[in-house]
Structures are given as C-alpha cells and as structure tokens.
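> Fold the following and give me the result.
(one chain, ligands or ions: 1)
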Amino acid sequence: MNQSLRIARIFGIPVQVHWSFGLLLAWVAYMGYEQGWTLRETLFMGGFVLVLFICVILHEFGHALTARRYGVGTRDITISPIGGIARLDRMPEKPYQEFMVAIAGPLVNVAISGILSVVYLVWSGAGSQALQHSLYGIILRDSNFLPGVSSVFELSIVTLIALNGTLAVFNMLPAFPMDGGRVLRALLSVRWGRSTATRIAAGLGQLLAVGLAIYGAYTGSFVTILIGGFVFLAAAHEHRAVRAEEFLSHYKVSDVVRTQFSRFFTFDPVSLPAEAMQHGLEQYVLVFDPAYQVVGSLSETVVLMAVKEELYDAPIESLPLLPAPEVRPEQTLKEVLHIFQTETAPILPVVENGALIGVVDQPMVEHFLRRQRKR
Ligand SMILES: [Zn+2]
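Numbering: from 1, shown residues only. This is a model prediction of the structure:
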C-alpha cells in the first residue's frame with residue numbers, strides 16, 4: 001500500500017523514495033546499454049542522478065528545517081523522479097514565516113551552486129569567466145562551448161552548478177505549487193490579507209500557466225503544455241483550499257456536531273459495525289474500550305475489507321483503528337479540518353466538560369462546505 005521506501009531519518013524527519021525513482025535508475029542503465037557506455041560510465045551517470053536528487057532533498061530540508069524554527073513539524077520528505085516534496089504539518093500563516101519557509105528551498109540550491117562554483121574555481125584553476133562560458137555551454141546544450149572544462153569531473157561540477165541554478169529559478173516562478181507562488185502570496189498578504197493575496201497569486205499563476213501552455217503549443221513541447229496544465233490546476237486548488245479554510249474559520253464544532261451516533265466496543269464482532277454501515281448513514285464510527293473510553297475510530301473501507309475476508313466474528317480491536325483525538329464545541333471548523341488532514345482522523349469525539357456530547361466527521365464538514373458554496 002505504501003508506495004515509498006523509507007531510506008533514512010535525518011534531523012528526525014523520515015526521508016523516503018517513491019518506487020518510480022527506481023525506474024529512473026533503470027532508465028539510466030538502459031541508456032548506458034543503448035549508447036554503449038562502459039560499466040564505469042553507467043555507474044557514473046547513476047551516481048550523478050543520485051547526487052542531483054540529494055540536491056533536491058537538501059532543498060526540501062531547507063523548507064522543513066525553517067518550518068521547524070516556527071514550530072511546524074514535517075511528517076516526511078519524499079523524492080520521486082519529478083522532484084521532492086516535504087509534507088509540512090501546516091504552512092505557517094504569518095506572512096513573514098511563510099515567506100521564509102518558501103524561500104528557504106530555492107536558497108539552498110543557490111547556496112549549493114555557490115559552494116560548487118568555489119570548489120570548481122579552486123580545483124580547476126580556471127577563471128570565473130571560463131566558468132561562466134561553460135555554464136552557457138551547458139544551458140544552451142552546446143558542447144563546443146565549454147572552455148573551462150577539461151575532465152568528466154569538471155563537467156559534472158559545472159552541470160550541477162547549472163542544474164541547481166535552474167532548480168532555484170524554476171521553483172521561484174510566481175505560481176502555485178512552486179515556492180515562488182508562496183513567496184508571492186506571503187508578500188501580498190502583508191497588504192491585502194491571506195485570502196485576497198491567495199486570489200491574486202492564484203490568478204497570476206494561472207495567467208503564467210496559460211502563457212506556458214501557449215508557449216508549449218507554439219514550440220511543440222508537449223511537456224511544457226503538461227506543466228502549464230498542472231500549474232493551472234494547482235493554482236485553482238490552492239485558491240479553493242484557502243477559501244474553504246477561511247469559510248470554516250467562521251464556524252464552530254457546535255454548529256455541526258452530530259449527537260446521534262453509533263458506539264462500538266473493542267470486543268464487538270466486526271459484523272456489528274458492518275451491519276450499521278450497510279444502512280449507509282455512517283462512514284466512520286468511534287470505538288470504545290470496556291471502560292467507555294474512546295480508543296480510536298473505524299472506517300467503512302476497513303470494515304468492508306474485513307467482511308470480504310469473512311472476518312464477521314473477529315473482534316473490532318483486531319482491525320487497524322484510526323486515531324480519534326477529542327475536540328471541544330468551541331473549536332473552529334478550520335482547526336477540525338486541520339486535524340482531519342494531519343492526523344488522518346476522519347471522525348472526532350466532541351467533548352464538553354469531560355462528557356462526550358457527539359461527533360464531528362469528515363463527510364459532515366465536506367457536506368457543510370458544499371451546501372454553503374451553493375448559496
Ligand atoms: Zn521547494
């Protein structure tokens with residue numbers, strides 16, 4: 001089920017690799033075979049790809065470690081052939097903090113470029129002008145234009161300098177989901193507030209996306225059209241998410257709390273929730289221990305899977321339960337949404353003065369959002 005392989009834990013943050021990254025290395029091996037590379041050359045290219053992805057991981061750590069400074073944790077960092085992603089628990093909403101977290105990633109790549117430039121200049125003894133020309137040569141893909149490069153090692157260093165620079169520039173494009181979109185939103189937030197700032201940033205991002213797609217169509221680059229489409233959708237998504245958050249911040253748990261709900265115990269057989277869920281009223285239910293304490297929740301998906309395996313008589317506690325942290329009636333629905341997302345807890349017990357008065361679950365909040373949108 002998990003499509004990523006955990007490879008390390010750095011600064012307490014799990015780093016994982018998506019399985020498709022293996023495809024990329026396989027592709028390098030295939031290219032080596034196709035082009036008649038020696039084993040050494042193939043390993044070298046594979047190593048180069050790995051180094052490049054270490055740069056991407058460092059970029060993500062730039063975000064994650066800056067976020068940590070503002071008390072925001074990171075669940076994990078995943079790399080795949082299309083890039084890295086740091087799953088922050090949330091994006092800090094103070095403009096200054098969002099600005100710093102967003103810009104930290106590209107700055108890491110700028111720093112890597114800078115350090116490698118110094119390494120190159122010291123190593124090769126070439127002047128900075130030769131380096132500049134070689135960088136043009138790589139960016140323009142003109143192999144006749146590499147005056148400062150006399151070995152494969154130097155070529156790799158110069159290529160890494162160019163690629164890190166490209167990463168920084170690409171990520172600073174002022175459009176979601178790129179870091180530049182967040183930087184722009186943070187800057188606009190100072191003057192116009194987060195909601196309006198998101199609308200402007202998303203609009204600009206979509207304009208840029210359309211421009212990108214037109215450019216792609218004009219130059220016949222299918223990949224550019226795809227990126228344009230992707231950026232366009234990401235902008236719309238970000239805008240919708242911020243609008244939903246803003247809307248939900250005006251309502252409280254007590255506005256939606258459901259007081260009618262089923263209770264199941266850890267020792268109950270699976271057939272009980274299965275039957276209740278058949279009526280389709282509840283997708284998620286709370287599970288209690290014999291002392292009437294909530295120990296977690298159960299989703300319809302898990303129950304259906306158990307039914308499929310004919311585990312009708314198995315006790316509920318043998319199934320994987322989801323967490324169910326308590327919320328209070330006066331908490332905002334925005335906070336609730338945040339708990340749904342970060343704790344993967346789809347149903348929460350609502351507790352007032354130590355007594356369980358009802359539940360709030362994901363379908364209810366989604367329904368609430370949809371109903372308000374129609375008005
Ligand atoms: Zn980034």
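> So which residues on the protein come close to the ion?
105, 179 (Cβ under 5 Å from the ion). Quick note: C-beta positions are derived from backbone N, CA and C, even for glycine.
> rerun at 8 Å
59-60, 62-63, 84, 86, 102, 105-106, 171, 178-179 (Cβ under 8 Å from the ion).
> Can you tell me which residue of the stretch 201-350 of the chain sits closest to the ion?
In the stretch 201-350 of the chain, the residue that lies nearest the ion is Ala234 (13.1 Å; Cβ to the ion).
> okay, now that residue: neighbour count?
For Ala234, the neighbour count with other Cβ atoms under 10 Å is 19.
> Quick one: mean pLDDT over the helix or strand where it lies.
Using DSSP states H and E, Ala234 sits in helix 222-248. Confidence for helix 222-248, expressed as mean pLDDT, is 82.
> what helices or strands is it leaning on?
Counting contacts by 3 or more Cβ pairs under 8 Å, 6 or more residues apart in numbering; DSSP states H and E, helix 222-248 packs against helix 194-219, helix 333-343, helix 362-374.
> so which of the ones you listed comes closest to Ala26?
Within the helices and strands packed on helix 222-248, the stretch nearest Ala26 is helix 194-219; the backing value is 27.6 Å (Cβ to Cβ).
> what comes into contact with stretch 112-129?
The contact list for stretch 112-129 (Cβ atoms under 8 Å, 6 or more residues apart in numbering) reads 55, 58, 130-131, 147-148, 150, 154, 157-158, 160-161, 164-165, 168.
> how does it look with 6 Å?
Residues outside stretch 112-129 that contact it (Cβ atoms under 6 Å, 6 or more residues apart in numbering) are 55, 148, 154, 157, 160-161, 164-165.
> for stretch 71-90, same thing?
Counting by Cβ under 6 Å, 6+ apart, 4, 13-18, 20-21, 24, 53, 56-57, 60, 63-64, 67, 92, 342 sit against stretch 71-90.
> Spell out for me the ChimeraX command that would select the buried members of the residues you listed.
Listed next is the ChimeraX selection for buried residues among the contacts of stretch 71-90, using 16 or more other Cβ atoms under 10 Å:
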select :4,13,14,15,16,17,18,21,24,53,56,57,60,63,64,67,92
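> Contacts only, for Glu238.
By Cβ under 6 Å, 6+ apart, the residues touching Glu238 are 176, 202.
> and the gap between it and Thr342?
Counting by Cβ to Cβ, to the nearest Å, the gap from Glu238 to Thr342 is 18 Å.
> follow-up on the earlier one: in helices, which of the contacts of stretch 71-90 appear?
With helices taken from DSSP state H, the overlap with the contacts of stretch 71-90 comprises 20-21, 24, 53, 56-57, 60, 63-64, 67, 342.
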